[in-house]
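Q: just a sequence and a predicted model for now, questions to come.
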Amino acid sequence: MRTRLPRSRTLAVYLLKEDVVTPDQALLAPDSLEHREIRLSDTSAGDLFIKPSRPHTPSWLSLFSGAIGDTPELVNTSTAAVLLVRERHRLFAFTFGYGRNLLVPGSWEENFGLHVTLNSIDPSLIRSVDRTTFDTIAQQTQIQASREAPISDFGLDVEQDLLRAVTGTPITEAIGLRLTGKDALHATVRTTLSGIPVLLGSYLQQSQEDTYREHFPWVDHIQQVRDPGIRATLDAELALRLQEHRIDGLWLAAPEPIDWRSVEFRYRDTQRAPSFSDTHLADFLAQLPDQMEITPDFLKRRHVFLVNTETDLSVKHWPVYQCLYAELEQENRSYLLNAGTWYSIQREFMQIVNDSVQSLHQDTFLPPYADIDEPTYNTRIAGLDDVYALMDRNLIRYAGAAGPIEFCDLFSRQRQIIHVKRYGGSSTLSQLFAQGLVSGTLFARDPDFRAHVNAKLPGTHRLPDTVARPSAGEYKVIFGVVSQSPRQLRLPFFSRINLRNTARQLSGMGYTVAITKIPVSPTPS
């Protein structure tokens, strides 16, 4: 007689942290839940906690009140339950319905499901990936393939994309028919209650393996810190360093691109407060009373105000916490705060990026910035002599591009393609590097684009031949960053990653790539 297989079902499994050993530590309000002991096998049992459901009328029904007479009796019912099972001295939580909301935030191991999935799936049988891309803005996307495919087919940038979740087919059906992993493991598996202990043993073993590094060695480069306890510790360390004015590795920047014309910054929303041409931690701290206690809550309540100099009114504001960028070391880990989110960075990866970017630094050679905005600076520099041709805002429109392209801001007679940007957060600098990559790619590959560039250049700077591809090393792409800091130019980490990737692509086309600091002159032009 043919053996009947158990039906397949999808289970959501969390591995709880080692110090979470009782239901009271795992559940938010265990006394409000109904408790049932569940016998799984002769040697294993679990504890099922169920939140009593309360029927309620759906909110959308009120839209039709008075229009259809007596509304029908319709109710919604939400369900939530958690099954706690101990296996190999670790506590696991199975969540059903809205059961995840019953767990204490931060009580589970981060990336448990991701590691189980990456260690268990066939690397050529991936169905979807969730990623966060650190570019001009942080973008969260899910990429689904029409068929199972290797990770290389999903177009990930292994240095700029944070892998958040993966769905794939396990090598063995004993693990599951399909796995999706992030913090929780969502496993589609044929099982009954009696098979759960064996499954948990396999999942725990798979979570502790590091074989995923053979096919996915970049996964551990960057991880978002979601543990509330770790975030609180980092926030407290950040506040302490600000309190003690230890600001090396910390700085303040607008968290989004801004138009620098006719703007200043204030740290209090009053016209009597001092205004500043740029954001600096030293200025912010100097505006605080001597005995002011700096706490994480204070940093989230206090704001940086963008002021229009023509009206003297605030036009935009952000929490100071959102404007802070920080790089901290804690217990042999490197952490960084960017746009209000903490990330854990693998030290070896950080060192690789730092070394690559350091090799791109070029000594300051452009005149100091003493202008109200970037266009004014570029115009002034181009007018000093005939070394630089002004290309700023001299847009090129042609059929080979989706929109107008700015070739560069300044083009020198020595074939330097210079892009200029005021210092800002990761998003601002990402725009700078993106501009250099787009124009550099078109200039290297498209003779039609080179012809359009040539038509914009003065006779002293024109190319002798727009048809022939530029010779390797003949042109140098330089990113000039305006910075008021007296120290060496230091970019946010995600900007360093972006610059490294941009430089590698431009170098592959034959360009020499450099970044240089443009100092700010204390005397206006």
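A: Arrived safely.
Q: end to end, how far does stretch 315-332 reach?
A: 42 Å (CA to CA, to the nearest Å).
Q: for that stretch, buried residues please.
A: By 16 or more other CB atoms under 10 Å, the buried positions in stretch 315-332 come out as 317-318, 320-328. Placement of C-beta: from N, CA and C, glycine included.
Q: that one - what's its average pLDDT?
A: The average pLDDT within stretch 315-332 is 88.
Q: check stretch 350-365 too.
A: For stretch 350-365, the per-residue pLDDT averages 91.
Q: alpha carbons of that stretch, as PDB, please.
A: Below are the C-alpha coordinates for stretch 350-365, written out as PDB (Å, rounded to 0.1, in the frame of the first residue of the first chain):
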ATOM      1  CA  MET A 350      35.700  48.300   5.500                       C
ATOM      2  CA  GLN A 351      39.500  48.200   5.300                       C
ATOM      3  CA  ILE A 352      39.400  47.100   1.700                       C
ATOM      4  CA  VAL A 353      37.100  50.000   0.800                       C
ATOM      5  CA  ASN A 354      39.100  52.500   2.800                       C
ATOM      6  CA  ASP A 355      42.400  51.500   1.200                       C
ATOM      7  CA  SER A 356      40.800  51.700  -2.300                       C
ATOM      8  CA  VAL A 357      39.400  55.200  -1.700                       C
ATOM      9  CA  GLN A 358      42.600  56.400  -0.100                       C
ATOM     10  CA  SER A 359      44.500  55.600  -3.300                       C
ATOM     11  CA  LEU A 360      42.200  57.900  -5.200                       C
ATOM     12  CA  HIS A 361      42.900  61.000  -3.100                       C
ATOM     13  CA  GLN A 362      44.700  63.800  -4.900                       C
ATOM     14  CA  ASP A 363      46.200  66.900  -3.200                       C
ATOM     15  CA  THR A 364      44.100  70.000  -3.400                       C
ATOM     16  CA  PHE A 365      44.800  71.900  -6.700                       C
END
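Q: give me the contacts around it.
A: 159, 334, 478, 488-489, 491, 493, 496-497, 499-500, 503, 513-519 (CB atoms under 8 Å, 6 or more residues apart in numbering).
Q: same question for stretch 377-384.
A: Outside stretch 377-384, the residues touching it (CB under 8 Å, 6+ apart) are 366-367, 369-371, 388-390, 392, 409-410, 420, 482, 525.
Q: of these, buried ones?
A: Buried among those by 16+ other CB under 10 Å: 366, 369, 371, 388-390, 392, 409-410, 420, 482.
Q: and the longest helix belonging to the chain, which residues are buried?
A: For the chain, the helix with the greatest residue count under DSSP state H is helix 426-445. Using 16+ other CB under 10 Å as the test for burial, helix 426-445 gives 426-433, 435-437, 439-440, 442-444.
Q: got it, and stretch 485-501?
A: Quick answer for stretch 485-501 (16+ other CB under 10 Å): 489-501.
Q: with stretch 115-128 instead?
A: For stretch 115-128, by 16+ other CB under 10 Å, it's 115-121, 125-127.
Q: one more: stretch 217-232?
A: 218-223, 225-227, 230-231.
Q: let's have those residues in CSV, adding distance to Lys17, pLDDT and secondary structure.
A: Output for the buried residues of stretch 217-232, formatted as CSV (distance: CB to CB, whole Å; pLDDT from 0 to 100; DSSP: H, G, I helix; E, B strand; the rest coil):
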residue, distance to Lys17, pLDDT, secondary structure
Trp218, 26, 80, coil
Val219, 21, 81, coil
Asp220, 19, 81, coil
His221, 23, 84, coil
Ile222, 22, 84, strand
Gln223, 16, 85, strand
Val225, 15, 89, coil
Arg226, 13, 85, coil
Asp227, 9, 87, coil
Ile230, 11, 90, helix
Arg231, 15, 92, helix
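Q: how far away is Tyr212 from Arg226?
A: Distance from Tyr212 to Arg226, counting by CB to CB, to the nearest Å: 19 Å.
Q: give me the number of residues near Asp297?
A: Using other CB atoms under 10 Å, Asp297 is surrounded by 11 other residues.
Q: so it sits in a helix?
A: Yes. Counting by DSSP: H, G, I helix; E, B strand; the rest coil, Asp297 falls inside a helix.
Q: quick revisit: can you redo the buried residues of stretch 217-232 as TSV with distance to Asp47?
A: Converted to TSV, the buried residues of stretch 217-232 look like this (distance: CB to CB, whole Å):
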residue	distance to Asp47
Trp218	39
Val219	33
Asp220	34
His221	38
Ile222	37
Gln223	31
Val225	30
Arg226	26
Asp227	24
Ile230	28
Arg231	29
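Q: on that earlier part again, dump the C-alpha coordinates for the longest helix of the chain into CSV.
A: Only the C-alpha atoms of helix 426-445 are listed here, as CSV (Å, rounded to 0.1, in the frame of the first residue of the first chain):
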residue,chain,number,x,y,z
SER,A,426,25.7,59.8,1.2
SER,A,427,22.8,60.8,-1.1
THR,A,428,24.4,64.1,-2.2
LEU,A,429,27.7,62.5,-3.0
SER,A,430,26.1,59.6,-4.8
GLN,A,431,24.6,62.1,-7.2
LEU,A,432,28.1,63.5,-7.9
PHE,A,433,29.6,60.0,-8.6
ALA,A,434,26.6,59.0,-10.7
GLN,A,435,27.0,62.2,-12.9
GLY,A,436,30.7,61.3,-13.4
LEU,A,437,29.9,57.7,-14.3
VAL,A,438,27.1,58.5,-16.8
SER,A,439,29.0,61.2,-18.6
GLY,A,440,32.3,59.2,-18.6
THR,A,441,30.6,56.2,-20.0
LEU,A,442,28.9,58.1,-22.8
PHE,A,443,32.1,60.0,-23.6
ALA,A,444,34.1,56.8,-23.9
ARG,A,445,31.7,54.8,-25.9
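Q: check which helices and strands that helix sits against.
A: Where contact means 3 or more CB pairs under 8 Å, 6 or more residues apart in numbering; DSSP states H and E, helix 426-445 is packed against strand 416-422, helix 447-456, strand 476-483, helix 493-508.
Q: got the angle for that helix vs strand 476-483?
A: 160 degrees (axes from the mean of the first three to the mean of the last three CA atoms, to 10 degrees).
Q: helix, strand, or coil at Ser344?
A: strand.
Q: sorry, back to before: closest to His35 among the buried residues of helix 426-445?
A: Ser426 (47.9 Å; CB to CB).
Q: top strand in the protein by residue count?
A: strand 121-134 (DSSP state E).
Q: ok, it: who's next to it in the sheet?
A: As defined by DSSP bridges, the strand partners of strand 121-134 come to strand 138-149 (antiparallel), strand 161-170 (antiparallel).
Q: tabulate the helices and strands packed on helix 426-445 (CSV), appending mean pLDDT and distance to Thr270.
A: Output for the helices and strands packed on helix 426-445, formatted as CSV (pLDDT from 0 to 100; distance: least, CB to CB, whole Å):
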stretch, mean pLDDT, distance to Thr270
strand 416-422, 94, 25
helix 447-456, 92, 46
strand 476-483, 94, 28
helix 493-508, 91, 33
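Q: Leu163 is nearest to which of these?
A: Closest approach to Leu163 among those (CB to CB): helix 493-508, 14.8 Å.
Q: how about Leu5, what does it touch?
A: Arg190.
Q: checking it next. Helix, strand or coil?
A: coil.
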